[in-house]
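>>> just the structure for this:
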Amino acid sequence: MNIIIATLREHNINNFHQLKELYKAHKFYLITNKSDLTLKNIAKINPDYIFFPHWSFYIPQEIYDNYQCIIFHLGNLPFGRGGSPLQNLIIRGIYKSKICALKASATLDGGEIYLKHDISFKNSNAQKIYERISKIIFFKLIPKILHTKITPQKQKGKVVVFKRRTKDQSNINMLKNPNLIKIYDFIRMLDAVDYPKAFLEINNIKIYFQNAKKSHNQVKAEVVFYEKE
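Residues are numbered from 1 along each chain as shown. Predicted structure coming up:
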């Protein structure tokens, strides 16, 4: 089979190369730039599947109409469609969910589902959770789809849509009724590469928080101070 994987993050790219070594009977192709995701480029490869682990860009309809395009989403769909699913789950006090493998479609995260896989994220920062999700996608979900005949099923249940979080929402002062658990969760859920970390502002100083650790009566974290521009 010819397989394209379109992804961005370094840990996903590393897992791509491992997957390629594990399944040498297939031909794997990597796309890491949204400008390369064109029907012309895809047609040259003529893939059996195109997988999109943590792909944050629009997938052209002409591609998912003509090829089997499978995206991955954190959330027990149809609960949790939309942006920033990890953060939207944790801030609601939800620490267990599913990773869904589903067909790309015109409806955001609304396609038919191939597989769901359990995941728990009560501890660990967002970066480590994303890396764990990546391993599940590359070494459990993708191989199962490639080697098992699966008929995707329509989503069932009440649709709940999450809004993508903004940088301003990383301000710890936005927490309602804060306590130690909420502060710990808030810092860790934003602690990932290229993600707007939790912060506070004092006059012209901005304080960023990372590497939070929680004990029974305190939360410790690394802080970095910046002067606001």
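>>> not counting its neighbours along the chain, what's nearest Val193?
In space, and not counting its chain neighbours, Val193 is closest to Gln127: 5.9 Å by CB to CB, 6 or more residues apart in numbering. The C-beta positions use only the backbone N, C-alpha and C, and glycine is treated the same way.
>>> what do you get for Ile183?
Nearest to Ile183 is Val219, by CB to CB, 6+ apart, at 5.6 Å.
>>> isn't the one you found up against Lys182?
No - proximity of Val219 to Lys182 does not meet the contact threshold set by CB atoms under 8 Å, at 9.8 Å.
>>> about what we covered before: would it be right to say that the residue nearest to Val193 lies in a helix?
Yes - counting by DSSP: H, G, I helix; E, B strand; the rest coil, Gln127 is part of a helix.
>>> one step back: what's across from the residue nearest to Ile183 in the sheet?
Val219 has these beta-bridge partners by DSSP bridges: Lys214.
>>> and the strands in the chain?
2-6, 27-31, 49-52, 69-74, 79-82, 96-103, 113-120, 160-162, 199-202, 205-214, 219-227 (DSSP state E).
>>> tell me what the second one is packed against?
The contact analysis (3 or more CB pairs under 8 Å, 6 or more residues apart in numbering; DSSP states H and E) places strand 27-31 against strand 2-6, helix 10-22.
>>> how about residues contacting the first one?
Taking CB atoms under 8 Å, 6 or more residues apart in numbering as the criterion, the residues outside strand 2-6 that touch it are 12, 16, 19, 26-32, 37, 42, 45-53, 55, 142, 146.
>>> hmm, 7 Å instead?
16, 26-31, 37, 42, 45-53, 55 (CB atoms under 7 Å, 6 or more residues apart in numbering).
>>> what's the answer for the longest one, then?
Taking CB under 7 Å, 6+ apart as the criterion, the residues outside helix 10-22 that touch it are 5, 7, 28, 30, 32, 53-54, 131, 134-135, 138, 142.
>>> let's see that with 6 Å instead.
5, 28, 30, 53-54, 131, 134, 138 (CB atoms under 6 Å, 6 or more residues apart in numbering).
>>> okay, buried residues for it please.
By 16 or more other CB atoms under 10 Å, the buried positions in helix 10-22 come out as 11-12, 15-16, 19-20.
>>> mind listing what Phe199 touches?
170, 206, 208.
>>> neighbour-wise, give me the winner out of the residues you listed.
Ser170 (21 neighbours; other CB atoms under 10 Å).
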